[in-house]
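Enquirer: Okay, here's the prediction I keep looking at, along with the sequence it came from:
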Amino acid sequence: MKQIIGSEVGADRLDYLHRDSIECNVPYGLVDPRIFNEFSVEGNELVLDKDALPLVDTIFHSLFQMKYAVYDHKASRAVLRMLKEPYKEALRRRRAKRLHLLIESDDFEFLGNLQSMEERSGTNYVKRINLTRNLIKTVYTLGAPFLKHISLVKALDRLQPQADEIEQELERRLKGRFYVDFVPPRPAPAVPIRARVNSESLSLDRSPLLKDWYGVNVDKQWKLFVFCDVTSDTERAQVTENLDNVFGCFGLGLEYEPRERLDAFSDIYPVLKNLERRATVSSLMPELLKLPEHRRKTLVELVKKGSATADELSLATGRSRTIESLYLNKLVEKYLTKQRQGKRTIFKPREELTILFQEGILSGS
């Protein structure tokens with residue numbers, strides 16, 4: 001019964017995906033009814049036929065689209081973030097006798113009980129949702145599809161417990177009331193289901209077609225919203241521009257160095273720096289492949305030494321000092337730096353070349 005209701009393709013998931021897609025008038029959550037013909041029972045376990053795997057892939061894709069475009073829509077997250085404020089206040093004041101009313105109530109009763117709790121605190125979040133629909137405004141969004149690299153998701157999501165500190169730091173620096181909302185990826189259901197593939201019964205995450213839904217595609221659901229109470233489009237545009245100075249370094253198309261640093265992000269900035277080096281390394285590869293073999297040999301020997309003069313490098317390559325000096329000066333700026341120390345000229349490879357050499361990508365003939 002648990003598998004029928006709560007598995008990756010259980011009745012609960014298939015029902016709410018289909019129902020929500022119709023209610024929201026979006027095409028994402030439609031379920032192919034052929035999936036219902038692909039179940040069988042082996043012993044006490046429900047299993048899928050191997051022909052169902054493409055259908056499961058479409059269901060997972062539907063879930064991804066619904067989560068990203070509907071369940072985690074900015075308006076939906078703004079409402080949840082507003083409701084969090086009176087709930088946090090109720091917890092802070094330890095109104096335990098009344099908190100059980102929230103847990104045991106339906107949606108309508110929940111809002112009513114929460115509103116009565118927040119009236120004593122002098123806030124009006126629930127009233128703004130219920131009566132005027134005056135929601136906090138989205139002023140910045142970070143999403144996995146437009147991060148510089150998917151590896152940033154885990155680094156950024158680890159900051160979720162520090163959301164309050166990030167809000168306070170933004171308020172101090174940018175002068176306003178900010179609400180930071182981390183939208184975590186949706187985990188797989190706790191009740192697994194297996195598929196019969198020839199003579200073997202496999203978990204779904206072992207299928208090459210489906211394994212990314214248990215790995216990288218989970219991280220692709222991640223979002224971060226920053227909300228603020230702004231009263232005009234001009235004010236919103238100004239706040240967004242200010243936040244771009246803080247968060248833009250994580251997104252595509254902008255520089256890696258943040259224009260405004262937050263103390264809460266101090267552990268992530270080194271990750272960004274490493275990504276910048278990797279991007280530079282990748283950009284160097286096409287040019288390195290075009291280098292003549294004799295110049296590449298000069299580069300390799302210099303990387304091995306770390307730094308050297310033309311005289312020192314000529315001993316390693318077996319070529320004359322004049323030739324090595326010519327090659328080194330041709331490689332300066334794009335691949336090397338040079339510095340005068342008294343009468344000596346020291347050449348040093350860029351850090352990216354060292355990385356390529358350590359990884360075995362840049363090597364001599």
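Expert: Now that the structure is in, tell me what you want to look at. Numbers count the residues shown, from 1 in each chain.

Enquirer: Might one say that residue 135 is in contact with residue 78?
Expert: Yes. Here residue 135 reaches residue 78: they are 4.6 Å apart, a contact under C-beta atoms under 8 Å. Glycine gets a C-beta too; all of them are placed from N, C-alpha and C.

Enquirer: Pretty sure residue 126 sits against residue 108.
Expert: No. Using C-beta under 8 Å as the test, residue 126 is too far from residue 108 to be in contact (11.8 Å).

Enquirer: which one of those two has more residues nearby?
Expert: residue 126 (23 against 9; other C-beta atoms under 10 Å).

Enquirer: thinking again about what came up before, list the residues that contact both of residue 135 and residue 78?
Expert: Both residue 135 and residue 78 lack any common contacting residue under the criterion C-beta atoms under 8 Å, 6 or more residues apart in numbering.

Enquirer: I'd like to know the average pLDDT value across stretch 116-127.
Expert: Stretch 116-127 shows a mean pLDDT of 76.

Enquirer: what distance separates it from the middle of the whole chain?
Expert: Its chain's C-alpha centre and that of stretch 116-127 lie 34 Å apart, by C-alpha atoms, centre = their mean, to the nearest Å.

Enquirer: Can you get me the start-to-end distance on that stretch?
Expert: From its first residue to its last, stretch 116-127 covers 10 Å (C-alpha to C-alpha, to the nearest Å).

Enquirer: Next, the buried residues of it.
Expert: Neighbour-count burial for stretch 116-127 flags 117-118, 123-126 (criterion: 16 or more other C-beta atoms under 10 Å).

Enquirer: Check stretch 24-41 too.
Expert: By 16+ other C-beta under 10 Å, the buried positions in stretch 24-41 come out as 28-29, 31, 35, 38.

Enquirer: for stretch 342-358, same thing?
Expert: 347-350, 352-357.

Enquirer: Mind picking the two most distant members of the buried residues of stretch 116-127?
Expert: 117 and 124 (12.2 Å; C-beta to C-beta).

Enquirer: where in the stretch 101-250 of the chain is pLDDT low?
Expert: Applying pLDDT under 70 to the stretch 101-250 of the chain picks out residues 101-102, 120-122, 188-190.

Enquirer: Let me see the ranges of the strands in it.
Expert: 137-143, 178-183, 194-197, 200-203, 223-228 (DSSP state E, counting those that start in this stretch).

Enquirer: a markdown table for those, including distance to residue 47 and mean neighbour count?
Expert: Below are the strands of the stretch 101-250 of the chain laid out as a markdown table (distance: least, C-beta to C-beta, whole Å; neighbours: other C-beta atoms under 10 Å):
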| stretch | distance to residue 47 | mean neighbour count |
| --- | --- | --- |
| strand 137-143 | 36 | 20 |
| strand 178-183 | 33 | 22 |
| strand 194-197 | 5 | 18 |
| strand 200-203 | 6 | 14 |
| strand 223-228 | 34 | 22 |
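
Enquirer: just so I know, which of these lies nearest residue 91?
Expert: Among the strands of the stretch 101-250 of the chain, the nearest to residue 91 by C-beta to C-beta is strand 178-183 (17.0 Å).
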